[in-house]
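J.: quick one, fold the following:
(chains A and B)
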Amino acid sequence: MSATPVAAAAAPAVPRLGRPGLVVIGLFTLCLLAAFGTMGLGAVRVPQPHAIEALFGHGTPDQVRTIRDYELPRILIAFLVGIGLGVSGGVIQGLTRNALAAPDTIGVVKGAALGAVILLLAYPRAALSYLPLAAFVGGIAAMAVVYLVAFRHGGTTPVRLVLVGVAVSAFCESVIRYVMLHEAKGIGQALVWLSGSLASIDMQSVYQILPWIGVLTPLLALFVYKLDVMGLGDDMAAGLGVPVEWTRRITLVIAVLLASACVSVAGSIIFVSLISPQIARRLVGSRHGLLLPAAGAIGSLILLVSDAIGRGADAPIELPAGMVAAIIGAPYFVYLLMRKL
Amino acid sequence: MRLSGSNLALHYEDVVVARDLSIEIPDGQVSVLIGPNGSGKSTLLRALSRLLKPKEGAVVLDGKAIEQYSTKEVARRLAILPQVLVAPESITVAELVAYGRFPQRRSIGGMTDEDRAAIEWAMRVTGMLDLRDRGVDHLSGGQRQRAWIALVLAQGTDLILLDEPTTFLDIAYQLEVLELLRHLNEAEGKTIVMVLHDINMACEYSHRLFALRDGKLIAQGDPRVVLTSTLIREVFGIDAHILEHPTSHAPMCVPIAVPHAVDHSPVPAPA
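T.: Down below sits the predicted model:
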């Protein structure tokens, strides 16, 4: 620099971290409260404080079994899947600079659903244990198709990713419907799975998804600042020294892996990944270092509450968490949009 | 001479914009690229700032081919303000300017005193200190452009490239921005390279004018010498009087409208 900068004035130039940071901590506290508070609300009621006591092994064997084998895995899954979907949606919305982009709108969720449906109907016997794998492969395959089709002249653009994603989603959806029209048997199972139910969750599912969330989410910390800079547009980011296409590719892969892992254990839960980052942005702003944790916490909160309502509200009938989330989420989303206008 | 391009072949998507184009950017001066839409001026600026990779030829920065640097290293030597600028929702001026320190920052860890000082200085020199906590979406056109210029200044490079920094601004804001850039050149010794559409502004504010047409450099030099009615006809295909600015004595171009003389066939989209 040609001119030596005069010593910085007393006021710091850095934006303060205070309030949004506290909001993130507050959101995770709410998650914990929701996790414990909704325990015991299933078809077999275990009233509080017995539910929490049963978690630690105190109470009747029935209560302990209900809480530990039935409720705990669901609560853990709701928590983990909520984080995965919220974070994944936050990354994809940031990358595409499009508020309507999320794993469900750009092809991942429908691709995963198609993978699962194809397996369910083509090999009814192999089904359940391979379902997550098929969904996982389906989600990744759909996103690979989207990326390759959107790739032109050495790169992608946000708009092309979104448009191609919507097309691929619609295509998968149509194929699912076609297959289901032709194959009556197995539809019930497929339907339950497609609506995003946590009913058949056990600890096995928790162990399946834990490594994905546990490894991929912290990995994103390395990219939050680059993602912020990419919010200034591809050219400005490249001018500032961000390897734009490389960053886009690797963070997209992380987001897709997260979403596919979530869909593979919890079924096609839509809307959570779309709405959580939107709410998070209104609470903590658009810097990814705060936005992504907040979006994860909000995703968790929505799923924890939705699944609690789903298992308790209409007992003994189970309402799928994904369905409840959409029923609560849609009006709230419309409210947010109206308020902004 | 720190920045130059030699025998560049430039493509924009599949369209050939230029072949065998060479340019040398004079240090410590204000250079302005002019030319009609599709003449390749923006494409050339993108190539000089490594936003676009030439198919052939080389852009040389500080004696080395520009691709041999890491992209962060380029960003420590040269700043580019692109034409299309996106400010994230509800970001303040100070937050925007702080992004200029990205090339100097490690991926993890906070800002150093040097970062803070550079941001402070960039806001002071662009007159944005009082507006530091204002949302970028609440600024006037000229203030917003000054905030973006503060961002590239915070990068701390002596070489600054700007792609049409005055487009979409009314004439008062255009002057505001160009006066700022002149000041940065004169007082801070910055080398400025920019694309401008307005020929008179280009002549007023440049030491060296580069006139392009169809990816070829038609003329270059001091605007007082190179701006002639012949050049205007050759580059823009119109007839014009060349007058002298009454106070600055810079040449001015006043077009002569001749009905039907202008070619109305569609021109390619600006590159």
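J.: do stretch A:153-166 and chain B meet?
T.: Yes. Against chain B, stretch A:153-166 shows contacts by C-beta under 8 Å from any C-beta of the partner chain at A:153-154. Where C-beta positions appear, they are placed from N, C-alpha and C, glycine not excepted.
J.: can you give me the strands for the stretch 1-150 of chain B?
T.: Counting by DSSP state E, counting those that start in this stretch, the stretch 1-150 of chain B has strands at residues B:3-12, B:15-25, B:30-34, B:56-61, B:64-65, B:78-81.
J.: which of those sits closest to chain A?
T.: The closest of these to chain A is strand B:78-81. By C-beta to the nearest C-beta, the value is 3.9 Å.
J.: for the closest one, name the packing helices and strands.
T.: Contacts defined by 3 or more C-beta pairs under 8 Å, 6 or more residues apart in numbering or on different chains; DSSP states H and E place strand B:78-81 against helix A:234-239, helix B:141-154, strand B:159-163.
J.: what's the distance between that strand and the middle of its chain?
T.: Relative to its parent chain, strand B:78-81 has a centroid offset of 8 Å by C-alpha atoms, centre = their mean, to the nearest Å.
J.: can you list the strands that that strand pairs with?
T.: Using DSSP bridges, the strands paired with strand B:78-81 are strand B:159-163 (parallel).
J.: how far off strand B:3-12 does the strand it pairs with point, in degrees?
T.: Per axes from the mean of the first three to the mean of the last three C-alpha atoms, to 10 degrees, the angle that strand B:159-163 makes with strand B:3-12 is 30 degrees.
J.: please tell me how far whichever helix or strand comes after strand B:159-163 is from the chain's geometric centre.
T.: Downstream of strand B:159-163, the next assigned helix or strand under DSSP states H and E is helix B:171-188. How far helix B:171-188 lies from its chain's middle: 12 Å, per C-alpha atoms, centre = their mean.
J.: and what of stretch A:34-44?
T.: Chain-centre distance of stretch A:34-44: 22 Å, with C-alpha atoms, centre = their mean.
J.: now the end-to-end length of it.
T.: One end of stretch A:34-44 sits 18 Å from the other (C-alpha to C-alpha, to the nearest Å).
J.: on that earlier part again, got a markdown table for the helices and strands packed on strand B:78-81, with distance to A:Ser268 and mean neighbour count too?
T.: Below are the helices and strands packed on strand B:78-81 laid out as a markdown table (distance: least, C-beta to C-beta, whole Å; neighbours: other C-beta atoms under 10 Å in any protein chain shown):
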| stretch | distance to A:Ser268 | mean neighbour count |
| --- | --- | --- |
| helix A:234-239 | 31 | 25 |
| helix B:141-154 | 42 | 24 |
| strand B:159-163 | 44 | 25 |
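J.: hmm, who's touching stretch A:144-159?
T.: Here stretch A:144-159 makes contact (C-beta atoms under 8 Å, 6 or more residues apart in numbering or on different chains) with A:95-98, A:101, A:106-107, A:111, A:160-161, A:163-165, A:168, A:234, A:244-245, A:248-249, A:252, B:13-14, B:53.
J.: rerun that using 7 Å as the cut-off
T.: A:95-98, A:106-107, A:160-161, A:164-165, A:168, A:245, A:248, B:13 (C-beta atoms under 7 Å, 6 or more residues apart in numbering or on different chains).
J.: about what we covered before: turn the helices and strands packed on strand B:78-81 into CSV, including distance to A:Leu121 and mean pLDDT.
T.: CSV is the format used below for the helices and strands packed on strand B:78-81 (distance: least, C-beta to C-beta, whole Å; pLDDT from 0 to 100):
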stretch, distance to A:Leu121, mean pLDDT
helix A:234-239, 42, 94
helix B:141-154, 55, 93
strand B:159-163, 54, 96
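J.: run through who's touching the helix or strand hosting A:Ile213.
T.: Assigned by DSSP H and E, A:Ile213 falls within helix A:203-219. Under the criterion C-beta under 7 Å, 6+ apart, residues A:73, A:76-77, A:80-81, A:83-84, A:87, A:132, A:254, A:257-258, A:261-262, A:265 lie in contact with helix A:203-219.
J.: identify the residue with the minimum pLDDT among the residues you listed.
T.: Among those, A:Pro132 carries the weakest pLDDT, at 77.
J.: buried set for the strand or helix carrying A:Thr251?
T.: Assessed by DSSP H and E, A:Thr251 sits inside helix A:244-266. Neighbour-count burial for helix A:244-266, counted by 16 or more other C-beta atoms under 10 Å in any protein chain shown, picks out A:244, A:247-252, A:254-266.
J.: can you tell me how far the residue in the stretch 51-200 of chain A that chain B sits nearest to is from A:Met230?
T.: For the stretch 51-200 of chain A and chain B, the shortest gap (C-beta to the nearest C-beta) falls at A:His153, measuring 5.1 Å. The gap separating A:His153 from A:Met230 is 18 Å, by C-beta to C-beta, to the nearest Å.
J.: of those two, who's got more company?
T.: A:Met230 (26 against 10; other C-beta atoms under 10 Å in any protein chain shown).
J.: ok, back up a step: out of the contacts of helix A:203-219, the closest to B:Glu24 would be?
T.: Proximity of those to B:Glu24 was ranked by C-beta to C-beta; the top entry is A:Ile254 with 43.7 Å.
J.: ok, now which ones touch that closest one?
T.: If you count contacts by C-beta under 7 Å, 6+ apart, then A:Ile254 has A:91, A:216, A:219-220 around it.
J.: what subset of these is buried?
T.: For those, buried by 16+ other C-beta under 10 Å: A:91, A:216, A:220.
J.: ok, the first one touching A:Val253?
T.: It stands for A:Val91. No. Contact between A:Val91 and A:Val253 fails when scored by C-beta atoms under 7 Å: they sit 10.2 Å apart.
J.: got the residues of the stretch 101-250 of chain B near chain A?
T.: Within the stretch 101-250 of chain B, the positions near chain A by C-beta under 7 Å from any C-beta of the partner chain are B:102-103, B:107, B:111, B:113, B:116-121, B:156, B:158, B:188-189.
J.: ranking those residues by neighbours, who comes first?
T.: Highest neighbour count within those, by other C-beta under 10 Å: B:Ile119, with 29 neighbours.
J.: that one reaches B:Leu153, doesn't it?
T.: No. Look at B:Ile119 against B:Leu153 with C-beta under 7 Å: they stay out of range, at 9.3 Å.
J.: mind listing what's buried along stretch B:69-78?
T.: Across stretch B:69-78, burial judged by 16+ other C-beta under 10 Å covers B:69, B:71, B:73-75, B:77-78.
J.: just stretch A:310-319 next, same as before
T.: Burial within stretch A:310-319, assessed by neighbour count using 16+ other C-beta under 10 Å, is assigned to A:310-312, A:318-319.
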